[in-house]
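> Predicted structure and sequence below. I'll ask about it afterward.
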Amino acid sequence: MRLALFATCLVDGLFPDVGKATVTVLRRLGHQVKFPAGQSCCGQLHVNTGYPRDALPLVRNHVQSFESFDAVVVPSGSCTAAIRHQHADLAEQAGDTALAERAAAVAAKTYELSEFLVDVLGVTDVGAHYPHRVTYHPTCHSLRLLRVGDRPYRLLRQVRELELIELPDAEQCCGFGGTFAVKNADVSSAMLADKLSAIEHTGAECCAAGDASCLMHIGGGLARLHTGTRTVHLAEILASTG
Amino acid sequence: MSFPGMPALPAGQGNIHAGRPFPQAARAELANSQQRQNLTRATGTIRAKRAGVVAELPDWQQLRAAGAAIKDDVLAGLDTYLVQLEEQVSARGGTVHWARDAAEANRIVTGLVQATGAEEVVKVKSMATQEIGLNEALAAAGITAVETDLAELIVQLGHDTPSHILVPAIHRNRSEIRDIFLAEMAGVDPELTDEPAALAEAARRYLRAKFLTAQVAISGANFAVAETGTLAVVESEGNGRMCLTLPRTLITVMGIEKLVPRWRDLEVFLQLLPRSSTGERMNPYTSMWSGAVEGQDFHLVLLDNGRTATLADPRGRSALRCIRCSACLNVCPVYERTGGHAYGSVYPGPIGAVLSPQLSGMAPENNTLPFASSLCGACFDACPVAIDIPSMLVHLRARVTEQRGRTAESVALHALSSTMSSPRRWRWALRLASWARPLARARRLPGPLSGWLQSRDLPVPPRQSFRDWWSQQ
């Protein structure tokens, strides 16, 4: 299987450890993974802020970068959802049906990390060791756009010495929402406050999730309040061997 | 959307506009601690009830699909179904009026009331009449409109505006309601307590006198059946039925999208609506009537007010499937914190954020509403007629940015797009970001980052991007 990593712009630029961890997990499971250098961003930021025309070159770039692979792994539910639900439609809207077909083909072989491990590789035990108390925030797009369901939990339950603590009101949005976090900073902060209080209520050492974007927001809030609670990406837990 | 020579579709008017930009309005509402507590409690209770009664139906997803399909059929055939409805209502002794917009609807209703000589009318809870500002229009003509739905009465007596589609006084708790009754309700017992039963009893006494003397009633409609000319009102208290049956004249104001083609279609919606709105298996009172009952004058006012214009947008029109259940409000994390007033329009929450801009013809006052969402998707999951509100919000955001033209934001995002679509430029941009490491310690920054910093630290950019690390491997 010719396997590619779509790191996402956020992981590439701000959270490279998440990308490295994803590579570590895939290699440990015996897979070669390529990083197509042409890749950049899924364009969701542009689409969801109201600039679909500016997203189109990014869709084209994404399709060109990944169409020659058999499978694409993404350490983000939100970017996977954008590829799956927005790319072909954007091309269609712009009247480029050829691109729409190619985008749909790429989307069909694109998987969020937990989907890829559980559904494609059929693995829940990736040989990880993480001796910490962890609570998991399921993130809206993984939950409601991808329907990843319990896949991340199944992976986490197999991690040696990891204590998984249930997060109250886990399915509530953390308030990030891309540019929503700055355009409606007050409401976003009010939503964040409730998420932080739920996380603190668990007594966990760290809050995990499958999206670096939500974690940037939650982690920024935890740090601002000097809570001492960390954020960690699902990939980083799965890559850890203690 | 439109083509050369096509007449411009009239925009809706009335109470469908945000008073001020959503972020500003929301900021003020967020500070209302009593309202925050009332809302958290109320939406939490309704959410749990709804989840319970939805989960017990094995065919819920099929019901949703059926609801969506029936409504899409109505929207595609509105021209014939509306004429069919008019024929059926007229054949059964009712009179049908067509209103292009709020002003025309208000003129028609005011004229009808004036013709009866009545100076007071009783009202069934109705979103359409809230939308067109009918009470204010009647007041200007010297006619008093008395709201008879308990929550709507609380809002009216409190000189307040509704903050929820179904539970308009959701922002009030019982001690606030007691205070409103003591101050505003004529003849109320001065010893009134805030026990729910006592409050309901006070309202009952007050309203009973109104029901027995009213000559004219005004209602909205939840559904209208084209093939039989039947109108349906779904309610919980029975006060609606009092209005529909006691007065000599009944005037119903209904949005043109409230149609269903056939009688049997009600079977789908009478399951979807109560479970989604109040979390009940069946609502207590469902009143249906076809044309005029003997001894009663019946008038039906069909209201467009921006609906045809909404229908013209293929990516926005499914907002007209809405059956006003408010399930999307109850699950929305934004609504739960800001309440309905922040949206300005009588249609708050996720559905309001897609409906108000469209009904108003994308009025500039409403251009912050499509952005009032984190796109978490809870509304789409809850919607009984499967309106993909998040995708529609995204579509409307594009319409707003197109309308705004060139702004600092559009220039920045365009530049970002050209940087990101060139691997060479993108690699350099990422290297520049690592030089910005000291900025991450800032507590105050200009522009959009100032909003981020109010509650969050910035992430510290790494010394090396992922791609630079990869190249070194």
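Ah, there it is. Numbering: from 1, shown residues only, chains lettered A, B, ... in the order given.
> In the chain, which helix is the longest?
Here I'm looking at chain A. Determined from DSSP state H, the single longest helix within chain A is helix A:185-202.
> Please refer instead to chain B.
Per DSSP H, chain B has its longest helix at helix B:33-55.
> next helix or strand past that one?
Using DSSP states H and E, the helix or strand that directly follows helix B:33-55 along the chain is helix B:60-76.
> which residues touch that next one?
For helix B:60-76, the external contacting residues (CB atoms under 8 Å, 6 or more residues apart in numbering or on different chains) are B:54, B:57, B:81, B:257, B:259-261, B:265, B:268-269, B:271-272, B:311, B:317-318, B:320-321, B:323, B:383-387. Every C-beta, even on glycine, is put in place using the N, C-alpha and C of the backbone.
> Just the ones of the residues you listed in helices?
Going by DSSP H, the helices hold B:54, B:81, B:268-269, B:271-272, B:311 from the contacts of helix B:60-76.
> and which of those is nearest chain A?
residue B:54 (15.0 Å; CB to the nearest CB).
> Quick one: neighbours of that closest one, just the number.
Around residue B:54 there are 19 other residues, counting by other CB atoms under 10 Å in any protein chain shown.
> isn't it right next to residue B:274, touching?
No. The pair residue B:54 / residue B:274 is not scored as a contact, 11.0 Å apart, by CB atoms under 8 Å.
> Identify the residues contacting residue 242.
Assuming you mean chain A. Contacts for residue A:242 (CB under 8 Å, 6+ apart) come out as A:129-131, A:160-161.
> actually chain B
By CB under 8 Å, 6+ apart, the residues touching residue B:242 are B:122, B:148, B:207, B:211.
> For the last one, grab phi and psi.
Dihedral angles phi and psi of residue B:211 (degrees, to the nearest 10) take the values phi -60, psi -40.
> count of residues packed around it?
By other CB under 10 Å, 18 other residues sit near residue B:211.
> And the closest residue in space to it that isn't next to it in sequence, which helix or strand is it part of?
Leaving aside its chain neighbours, residue B:211 sits nearest to residue B:242 (4.5 Å; criterion: CB to CB, 6 or more residues apart in numbering or on different chains). If you go by DSSP H and E, residue B:242 is part of helix B:239-245.
> Tell me which helix or strand comes right after that helix.
strand B:249-255.
> which residues sit in contact with the residue nearest to residue B:401 when sequence neighbours are not counted?
Nearest residue to residue B:401, sequence neighbours excluded (CB to CB, 6+ apart): residue A:50, at 3.7 Å. If a contact means CB under 8 Å, 6+ apart, then residue A:50 has B:370, B:394, B:397-402 as its contacts.
> could you measure residue A:50 against residue B:407, distance?
11 Å (CB to CB, to the nearest Å).
> and for the two, which residues touch both?
residue B:401.
> Looking at chain A, name the residue that lies furthest from the middle.
Most distant from the centre of chain A: residue A:95, at 29.6 Å, with distances by CA atoms, centre = their mean.
> Tell me the buried residues within the contacts of helix B:60-76.
B:54, B:81, B:257, B:259-261, B:265, B:268-269, B:271-272, B:311, B:317-318, B:320-321, B:323, B:383-387 (16 or more other CB atoms under 10 Å in any protein chain shown).
> what about the strands in chain A?
Along chain A, the stretches classed as strands by DSSP state E are A:3-5, A:33-34, A:71-74, A:110-112, A:133-136, A:163-165, A:206-209, A:230-233.
> from those, which stretch is densest packed?
Ranked by mean neighbour count under mean count of other CB atoms under 10 Å in any protein chain shown, the strands of chain A are led by strand A:110-112, which reaches a mean of 26.
> Walk me through which strands it pairs with, and which way each runs.
Strands that pair with strand A:110-112, judged by DSSP bridges, come out as strand A:71-74 (parallel).
> Hmm, residue A:183 is touching residue B:450, no?
No. Using CB under 8 Å, residue A:183 is not in contact with residue B:450; the gap is 11.9 Å.
> So for these two, which sits in the more crowded spot?
Ranked by neighbour count (other CB under 10 Å), residue A:183 and residue B:450 place residue A:183 first, with 20 against 12.
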